[in-house]
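Colleague: predicted model and sequence below, questions to follow.
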Amino acid sequence: AQSVSQHNHHVILSEAASLELGCNYSYGGTVNLFWYVQYPGQHLQLLLKYFSGDPLVKGIKGFEAEFIKSKFSFNLRKPSVQWSDTAEYFCAVNAQNYGQNFVFGPGTRLSVLP
Amino acid sequence: EAGVAQSPRYKIIEKRQSVAFWCNPISGHATLYWYQQILGQGPKLLIQFQNNGVVDDSQLPKDRFSAERLKGVDSTLKIQPAKLEDSAVYLCASSSAGGAHTEAFFGQGTRLTVV
């Protein structure tokens, strides 16, 4: 069975600091990888996704993530965070087979101090 | 493009009562998911439909939870009877079928409080 772990439960940063959120998954096959964000009071929104090709993917709002297959990792990065990035971030995986579901990590709460 | 619609947004019930949630996925999306998100945790899959057939319901507590997707569009999730530990946000998501490269689109969720 697939599982996803996220390294940090809660991260607190000041504005302009750099961000890296860790994500590791356990699954032996080919996977699709996602980062979703949940702003306070809002629904889950896709931040970025990796299906194949260039392992460095760019998403919305200046976020990027790097897929390292040998490490089963898909870490999320942003060079300079803003107060508006305060949210919950979820890493998710699904197996690259038709009809597979999305398995989510426990989430990392990011608080950005103005 | 209209998003995934869910109702109600909030529901408070007493334990042992029953409750139902409704979801309307994005038009044309064949796959529909119900997730349970307990406070402080990531979403956990309850059931996955492909059109009106169940693909995965291995984590659905079938003694109290049921779900259906008649006609392969709208879906309802029911809890009967509810327990205190069912307090959570119930998320509906949909994705298009037909290949490996797909993402899930989520609704606003229904926040259930069981007292």
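Modeller: Looks like it arrived, so ask away.

Colleague: which non-adjacent residue is nearest the residue of chain A found nearest chain B?
Modeller: With C-beta to the nearest C-beta, the shortest gap between chain A and chain B falls at A:Phe104, namely 3.7 Å. Where C-beta positions appear, they are placed from N, C-alpha and C, glycine not excepted. Once flanking residues are discounted, A:Phe104 sits nearest to B:Gly42: 3.7 Å by C-beta to C-beta, 6 or more residues apart in numbering or on different chains.

Colleague: which residues does the one you found contact?
Modeller: Residues near B:Gly42 by C-beta atoms under 8 Å, 6 or more residues apart in numbering or on different chains: A:4, A:90, A:104-107.

Colleague: from memory A:Gln82 sits against A:Ala17, does it?
Modeller: No. In this structure A:Gln82 lies outside contact range of A:Ala17 using C-beta atoms under 8 Å: 10.2 Å.

Colleague: give me the common contacts of those two.
Modeller: Common neighbours of A:Gln82 and A:Ala17, using C-beta under 8 Å, 6+ apart, are A:Val112.

Colleague: just the buried residues of the helix or strand where A:Arg109 lies, please?
Modeller: For A:Arg109, the host element (DSSP states H and E) is strand A:108-113. Across strand A:108-113, burial judged by 16 or more other C-beta atoms under 10 Å in any protein chain shown covers A:108, A:110, A:112.

Colleague: who's in contact with B:Arg16?
Modeller: With contacts defined as C-beta under 8 Å, 6+ apart, the neighbours of B:Arg16 are B:81-82.

Colleague: the one 3 residues further on too?
Modeller: The contact partners of B:Val19, by C-beta under 8 Å, 6+ apart, come to B:11, B:13, B:78-80, B:82, B:112.

Colleague: what subset of those is buried?
Modeller: Burial by neighbour count, judged by 16+ other C-beta under 10 Å, picks out B:11, B:13, B:79, B:82, B:112 from the contacts of B:Val19.

Colleague: in helices only, show me these.
Modeller: For those, not one is inside helices, with DSSP state H as the criterion.

Colleague: residues of chain A that sit close to chain B?
Modeller: Residues of chain A lying close to chain B (C-beta under 8 Å from any C-beta of the partner chain) are A:4, A:32, A:34, A:36, A:42-46, A:49, A:51-52, A:90, A:92, A:96-99, A:101-107.

Colleague: from the residues you listed, keep the buried residues only.
Modeller: A:4, A:32, A:34, A:36, A:43-44, A:46, A:49, A:51, A:90, A:92, A:96, A:99, A:101-105, A:107.

Colleague: need the three-state assignment for the residue nearest the centre of chain A.
Modeller: Centroid check for chain A by C-alpha atoms, centre = their mean gives A:Trp35 as the closest residue, at 3.3 Å. Assigned with DSSP: H, G, I helix; E, B strand; the rest coil, A:Trp35 falls in the strand class.

Colleague: that one and A:Val93 touch, don't they?
Modeller: No. With contact defined as C-beta under 8 Å, A:Trp35 does not reach A:Val93; the gap is 10.7 Å.

Colleague: any residues in contact with both of the two?
Modeller: Residues touching both A:Trp35 and A:Val93 (C-beta under 8 Å, 6+ apart) are A:Phe74.

Colleague: so which residues of chain B form strands?
Modeller: Along chain B, the stretches classed as strands by DSSP state E are B:5-7, B:10-13, B:19-24, B:31-37, B:44-50, B:53-56, B:65-68, B:75-79, B:88-95, B:105-106, B:110-114.

Colleague: which elements pack onto the second one?
Modeller: So the one you mean is strand B:10-13. Packing contacts for strand B:10-13, counted by 3 or more C-beta pairs under 8 Å, 6 or more residues apart in numbering or on different chains; DSSP states H and E, involve strand B:19-24, strand B:110-114.
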